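# here you go, sequence then predicted model.
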Amino acid sequence: MLRNSKPLSSDPKQGIPVPMQPLLKYTLLATLLSAAMVLLLAGIGAWMGPNRILKLDDWIQRLFYLDSEARLLLLPYTSWITAIGSFKISALAAAGFALLCFVQRRARTTIYGYVICISFAMMWILNTLLKEIFQRNRPEIEHLLAVHGYSYPSGHAMISMGFYGMLFVIWALEWRQHHTFKRWLPVMLGVLFILFIGLSRIMLGVHYPTDVLAGFASGLIWVVCLLQGIKQASR
């Protein structure tokens, strides 16, 4: 039975209490660890020295930053992919998927709805704060897309891993109950989806590869923590 001390959100249709304490606990833990991961990677970079980091960035950038002809040919596709990770598109996705979960009025889907909203909001808030702390300038190469703000860590990488990654995890959790042999499909699609958004930022010249790496690492920590919160809240 659930302890009376836990904050609950009642399911209005079935009267099933939704325990909020695990979600709140793991949200706090995820926030701290996600920020700590970005700080840790920045510390490693400082220890290695700026020259080594810039050489690493330059080497990876040469692999994915496109030549002029290929750049123009693929620009409509890379621009479309990177737009999916923008604030407006991800906000619409968060609102739509959260609403879809809440209207079902079941304890499990209500938990999913809360997690979707929390993941969207905290990934953007945390990324904004971290960028203000580090204030890393954008790469000094031609930007194929108009961008604003600082570079480290990549907001698109954080939102693609921490928010969209959470959506694919929720999809995988639901499929596991009905499609035993297909439960890895959402995971594989999620990996490709997230990877493409991150690579698009490098291909467009608006982020250093290490910006994207830090965003991915921070978002991954978030997903792992919130997954534990979902498991505990669903018991």
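Yes, it's here. Numbers count the residues shown, from 1 in each chain.
# the nearest residue to F102 once chain neighbours are set aside: how many residues sit nearby?
Of all residues beyond its chain neighbours, the one nearest F102 is G113 (4.4 Å), with distances taken as CB to CB, 6 or more residues apart in numbering. The C-beta positions use only the backbone N, C-alpha and C, and glycine is treated the same way. G113 has 22 neighbouring residues, counting by other CB atoms under 10 Å.
# likewise for the one 4 residues further on?
Applying other CB under 10 Å, we find 18 other residues in the vicinity of C117.
# correct me, but it touches A94?
Yes: using CB atoms under 8 Å, C117 is in contact with A94, at 6.3 Å.
# can you give me the helices in the chain?
Using DSSP state H, the helices found in the chain span residues 21-48, 50-64, 68-84, 87-102, 107-134, 155-159, 165-178, 184-203, 209-233.
# what separates F64 from I125, distance-wise?
Taking CB to CB, to the nearest Å as the measure, F64 falls 29 Å from I125.
# of the helices of the chain, which is nearest I141?
Closest approach to I141 among these is made by helix 50-64 (7.4 Å; CB to CB).
# for the protein, give me the ranges with low pLDDT.
1-19, 65-71, 176-183 (pLDDT under 70).
# contacting residues around the residue positioned nearest the centre of it?
With distances taken as CA atoms, centre = their mean, G162 lies nearest the centre of the chain, 2.3 Å away. Contact analysis of G162 by CB atoms under 8 Å, 6 or more residues apart in numbering lists 34, 119, 122-123, 218-220, 222-223.
# 6 Å - rerun?
G162 is in contact with 119, 123, 219, 222, counting by CB atoms under 6 Å, 6 or more residues apart in numbering.
# and those, which two are furthest apart?
Most distant of these, by CB to CB, are S119 and G219, 9.0 Å apart.
# looking at those two, which one has more neighbours?
Using other CB under 10 Å, the more surrounded residue of S119 and G219 is G219, with 31 against 28.
# isn't the more buried one right up against M158?
Yes: if you go by CB atoms under 6 Å, G219 and M158 touch, sitting 4.8 Å apart.
# for G190, which non-adjacent residue is spatially closest?
Among residues not flanking G190 along the chain, F168 sits closest, at 3.0 Å (CB to CB, 6+ apart).
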